[in-house]
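**Q** Provided below are the primary sequence and the corresponding predicted coordinates.
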Amino acid sequence: MSAIYHASAQDAATRSQRVGGVILTGRTPRPLRASPSAPHPHASPATPLLAPAGIHHHHRARHLRTRSTQPAAPLPYNLPADANVSASASISDAAASTWDVAQQPSTSGQTARSAAAPRRVCIFVEPSPFTYVSGYKNRFTTMIKYLVEAGCEVLVVTTGKGFTLPGVDSSSFCDQPETFCGARVVSALSFGCPCYLQVPLSFALSPRIWREVRDFRPDLIHCSSPGVMVFAAKFYAWLLKAPIVLSYHTHVPSYLPRYGIQYLVPAMWGFLRILHATAHLTLTVSPAMVDELLNNRAVDDRKQIQVWKKGVDSDTFHPRFRSETMRARLTGGRPERPVLVYVGRLGFEKNLFFLRELLDRNPGVSLAFVGDGPARSELQSVFRGTPTTFLGMLHGEDLSAAYASSDIFVMPSESETLGFVVLEAMASELPVVAVRAGGIPDIIRPEDSGVTGFLYEPADVDKASELIGALAADPELRARVGTRARQEVGKWDWRAATMHLLNVQYPIAMAAAAAQYGKALGSVAEGVLAQQPPQQLAPSPA
């Protein structure tokens, strides 16, 4: 760690420069010119590339002693000269103007990176979205894909090989791909989460990781939350004077009572306050989670939290993948029976034992669990003697076929921050029966219950059983609701959601960082100075 402090202190030379009406006084940026043998991906004949403040870069470039003659680009939201005093009002106004629109469907056709958007984005995410199957896997992998497609450089720091106890599934503690869709991937030494040993976590605090992040020169750092990797992401962002965005994906306070440790809930909210207090922007995946974080003071200001728009790959999850072979697997060889399906982690917090009562009340229905987790063995014991199958983890077309070959999707979990599997089921034209809790009502609106899906109140086994019985007995009702469900999720597009993140939400964090650091803007200012015309993308398919 001393090496990290030494590197930061060594780069403490300062200067002043006027950019877009703002006096910037910070560590001296060094203009770079790309080597003819290894051109920098963002270099152009007309625009010298500026290195972020506070970092000496000696790789793949030669230092120039001349200053750039290009006109300075304005900072996001036109920060005034006295940035420390008055910028926060501009940031609040900008955040307020975009908070509501972030909850609307991603129907924008914008497919270009704006001048105010970051060019180099460093993403810290644990567990790995490449080797650990979880609800946010598709969100992060598609985000990375479309950020690169928009012309961004992306560095991903995630969990890799590590240590776990004997007998614990260690399949996620493995080497990561070196690249993903054009993004560079760096893996950090991992360890098992104390309460969930199959889940890899990492502190990501090492000279090796620091050098990777420092040399990448991020304009913005984005980190998944909660987790321990957040501390590394925030520390590196502080050293580099870079904006830090935290996105909240796992609602741990609602999980703890399911594991008999509800006394830790206040401490967990305190931990979340520590994580998010200094974030320049917090993202969560549903308006319900926005309210939850605000009500428990994990975030103090509504203008500093936004909804990260949802999306679904409606081509991967499609009714055309229906398969009689898969249906036979789902029903244990009795494909004539209506089959309920649950897809996701088999965790105690998912309220999956609730489904036993639904089976008992609907004896003509089969149930299939797709997924794995710590509750699997106990679930197999509880459901023994019932028409229930456990298929384990499925991927690719097998997963698509499991959705499309079922009749009804069930979601009893009361702790979902969003529920991506619900979106995937709806895209597969499955009618969904789900509890009205967490982020689910942001997908199936209560006023649309019975139209795009069905909701029941928490613990209302009578209503849930009634809905299952009605759908199992009426194929036409299943088909009608399934068709409307697919039409509904057609509004949500991953490319448009990522463009909103890049062009609207990331610049809010950049402006907040500019206000915090005042005259020492570091890589925020340099990232804006080095902007080039955005790369146009092909229109999103209808």
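**A** Cool, got the structure.
**Q** so where's the stretch 101-250 of the chain shaky on pLDDT?
**A** 101-111, 132-135, 162-173, 194-198 (pLDDT under 70).
**Q** mind doing that once more with 80?
**A** The stretch 101-250 of the chain contains residues with pLDDT under 80 at 101-112, 128, 130-137, 161-176, 191-201.
**Q** strands along that one, start to end?
**A** 120-125, 153-163, 179-180, 183-193, 196-201, 220-225, 244-248 (DSSP state E, counting those that start in this stretch).
**Q** Pro507 is nearest to which of those strands?
**A** Closest approach to Pro507 among the strands of the stretch 101-250 of the chain (C-beta to C-beta): strand 220-225, 9.1 Å. No exception for glycine: its C-beta is placed from N, CA and C like everyone else's.
**Q** among the strands of the stretch 101-250 of the chain, which is nearest Gln380?
**A** Here strand 196-201 is closest among the strands of the stretch 101-250 of the chain (C-beta to C-beta), at 17.0 Å.
**Q** okay, the strands of the stretch 101-250 of the chain in TSV with mean neighbour count and distance to Thr388 next?
**A** Listed next are the strands of the stretch 101-250 of the chain as TSV, based on neighbours: other C-beta atoms under 10 Å; distance: least, C-beta to C-beta, whole Å:
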stretch	mean neighbour count	distance to Thr388
strand 120-125	26	34
strand 153-163	22	32
strand 179-180	16	36
strand 183-193	20	28
strand 196-201	21	22
strand 220-225	27	33
strand 244-248	27	33
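**Q** which among the ones you listed is found nearest to Asp407?
**A** Once these are compared by C-beta to C-beta, strand 196-201 is nearest, at 30.4 Å.
**Q** could you export the strands of the stretch 101-250 of the chain as JSON lines, including distance to Glu349?
**A** Formatted as JSON lines, those follow (distance: least, C-beta to C-beta, whole Å):
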{"stretch": "strand 120-125", "distance to Glu349": "21"}
{"stretch": "strand 153-163", "distance to Glu349": "21"}
{"stretch": "strand 179-180", "distance to Glu349": "29"}
{"stretch": "strand 183-193", "distance to Glu349": "13"}
{"stretch": "strand 196-201", "distance to Glu349": "10"}
{"stretch": "strand 220-225", "distance to Glu349": "18"}
{"stretch": "strand 244-248", "distance to Glu349": "16"}
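**Q** out of these, which gets nearest to Leu391?
**A** Between the strands of the stretch 101-250 of the chain, strand 196-201 lies closest to Leu391; by C-beta to C-beta that is 18.0 Å.
**Q** any idea how far Asp462 lies from Phe354?
**A** Between Asp462 and Phe354 the distance is 12 Å, computed by C-beta to C-beta, to the nearest Å.
**Q** mind checking which of the two has more residues around it?
**A** Using other C-beta atoms under 10 Å, the more surrounded residue of Asp462 and Phe354 is Phe354, with 17 against 12.
**Q** and Asn503, that one's in a strand?
**A** No - secondary structure of Asn503 (DSSP: H, G, I helix; E, B strand; the rest coil): helix, not part of a strand.
**Q** mind checking how far the residue lying closest to it once chain neighbours are set aside is from Ser187?
**A** Of all residues not flanking Asn503 in the chain, Ser114 sits nearest, at 4.3 Å (C-beta to C-beta, 6 or more residues apart in numbering). From Ser114 over to Ser187 the distance is 32 Å, taken as C-beta to C-beta.
**Q** ok, which stretches of the stretch 151-300 of the chain are helices?
**A** Assigned helices in the stretch 151-300 of the chain, in chain order: 207-216, 229-240, 252-255, 265-276, 287-295 (criterion: DSSP state H, counting those that start in this stretch).
**Q** give the other helices and strands that the last one contacts.
**A** Same thing as helix 287-295. Packing partners of helix 287-295 (3 or more C-beta pairs under 8 Å, 6 or more residues apart in numbering; DSSP states H and E): strand 281-284, strand 305-307.
**Q** mean neighbour count, mean pLDDT and distance to Phe130 added to these, as TSV?
**A** Output for the helices and strands packed on helix 287-295, formatted as TSV (neighbours: other C-beta atoms under 10 Å; pLDDT from 0 to 100; distance: least, C-beta to C-beta, whole Å):
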stretch	mean neighbour count	mean pLDDT	distance to Phe130
strand 281-284	26	94	21
strand 305-307	26	93	25
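**Q** how far does stretch 222-230 stretch from start to finish?
**A** End-to-end distance for stretch 222-230: 9 Å, by C-alpha to C-alpha, to the nearest Å.
**Q** give me the contact list for that stretch.
**A** With contacts defined as C-beta atoms under 8 Å, 6 or more residues apart in numbering, stretch 222-230 is touched by 121-126, 136, 140, 157, 159, 188, 201-204, 233-234, 244-250, 252, 271-272, 275-276, 282, 506.
**Q** ok so, going back, of the strands of the stretch 101-250 of the chain, which is nearest Ile261?
**A** Of all the strands of the stretch 101-250 of the chain, strand 196-201 comes closest under C-beta to C-beta, at 12.1 Å.
**Q** quick one: average pLDDT of stretch 339-352?
**A** For stretch 339-352, the mean pLDDT works out to 93.
**Q** restrict that stretch to CA atoms and write it as PDB.
**A** Taking Å, rounded to 0.1, in the frame of the first residue of the first chain, the C-alpha atoms of stretch 339-352 are listed here in PDB:
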ATOM      1  CA  VAL A 339     -45.600 -26.900 -15.500                       C
ATOM      2  CA  LEU A 340     -44.500 -24.000 -13.200                       C
ATOM      3  CA  VAL A 341     -40.900 -22.900 -13.500                       C
ATOM      4  CA  TYR A 342     -38.700 -20.900 -11.200                       C
ATOM      5  CA  VAL A 343     -35.300 -19.700 -12.500                       C
ATOM      6  CA  GLY A 344     -32.700 -18.200 -10.200                       C
ATOM      7  CA  ARG A 345     -30.500 -18.800  -7.200                       C
ATOM      8  CA  LEU A 346     -31.800 -21.400  -4.800                       C
ATOM      9  CA  GLY A 347     -31.300 -19.300  -1.700                       C
ATOM     10  CA  PHE A 348     -33.100 -19.300   1.600                       C
ATOM     11  CA  GLU A 349     -33.900 -15.600   1.100                       C
ATOM     12  CA  LYS A 350     -35.900 -16.400  -2.100                       C
ATOM     13  CA  ASN A 351     -39.000 -17.800  -0.100                       C
ATOM     14  CA  LEU A 352     -39.000 -20.900  -2.300                       C
END
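**Q** from the chain's centre, how far out does it sit?
**A** Chain-centre distance of stretch 339-352: 21 Å, with C-alpha atoms, centre = their mean, to the nearest Å.
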